[in-house]
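> A structural model of the following input is requested.
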Amino acid sequence: MIIQINPDHPQPRLVRRVVESLAQGAVISYPTDTVYGIGCDIFSKSGIERIYQLKDRSRKKPLSFICSDLKDISRYAQLNDNAYRIMRKFLPGPYTFILEATKEVPRIMMSKRRTVGIRIPDNPICLALVKELMHPIITTSANVSDTSPICDPADIDKSLGKVLDLVVDGGALPNVPSTVIDLSGDMPYVVREGKGPVDWLAA
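Modelled structure (predicted):
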């Protein structure tokens, strides 16, 4: 099922409709500021298992999640002063930051290093969903592992609609992933260059 939501001014009744499904364990596709994501409530173990299955993704590759703001991030990750300054400057934005997890994060979400990937995308729809749900939402690109992300909601519905509960249509997106930066150590480390620029790291 596709639900069209205004990408600039998400309709509250439609946001609530999607969130009601998430609260019941639904797995959905939704727009971010980079590519379309696949996600569920971070506390839905069955939803997380479904995402690993439908993406044919190794359990050794942890999933990232979306928070609503920096205060929300501090509940799920350890933030030193440097990490806080960087994230305050560049979020919301097209970055995934890797941080040391707190005990609030479900174990299934953590890497062996007890780190997690966290995003605050500059996208009104996904931020409205997270705020209404009051929990982080899992985020991973809308595709099967080792294939290109699908960036048109109609194509997502055609390819993955049978294994998703909802597809949130916020318009077509370019196929450019987030930039991934590891902030869990003493110095920021670029894991993957994507939409977010990294020239500020050399400044």
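> can you pull the contacts of the residue most central in space within the chain?
Central residue of the chain (Cα atoms, centre = their mean): T139, 2.8 Å from the mean position. Taking Cβ atoms under 8 Å, 6 or more residues apart in numbering, we find T139 in contact with T32, G37, I38, G39, L63, S64, F65, I66, R119, P121, C126. For the C-beta atoms, the positions are set from N, CA and C on the backbone; glycine is no exception.
> per-residue pLDDT, the spatially closest residue to the second one that is not a sequence neighbour?
I take that to be G37. Spatial nearest neighbour of G37, chain neighbours left out: T139 (4.3 Å); criterion: Cβ to Cβ, 6 or more residues apart in numbering. Per-residue confidence (pLDDT) for T139: 96.
> state the helix or strand in which T139 lies.
Using DSSP states H and E, T139 sits within strand 137-141.
> what are the ranges of the helices in the chain?
12-23, 45-55, 70-76, 81-90, 124-133, 153-160 (DSSP state H).
> so the first one versus strand 137-141, what angle?
For helix 12-23 and strand 137-141, the angle between their directions (axes from the mean of the first three to the mean of the last three Cα atoms, to 10 degrees) works out to 90 degrees.
> pull out the buried positions in helix 12-23.
L14, V15, V18, V19, S21, L22 (16 or more other Cβ atoms under 10 Å).
> how close does the second one sit to C126?
Computed as Cβ to Cβ, to the nearest Å, the V15 to C126 distance reads 10 Å.
> count of neighbours near T96?
The number of residues packed near T96 is 25, by other Cβ atoms under 10 Å.
> mind listing the residues bridging to it?
V180 (DSSP bridges).
> heads up, I number from 259, so please use that
Taking 259 as the first residue, the last one we looked at is T354.
> any idea how far N338 is from the residue nearest to the centre of the chain?
According to Cβ to Cβ, T397 stands 23 Å off from N338.
> and for V388?
For V388, the distance to N338 - Cβ to Cβ - is 24 Å.
> and these two? Which one has more around it.
The neighbour comparison of V388 against N338 (other Cβ under 10 Å) goes to V388, with 27 against 12.
> can you tell me the closest non-neighbouring residue to the more buried one?
Excluding its sequence neighbours, the residue lying closest to V388 (Cβ to Cβ, 6+ apart) is S326, at 4.5 Å.
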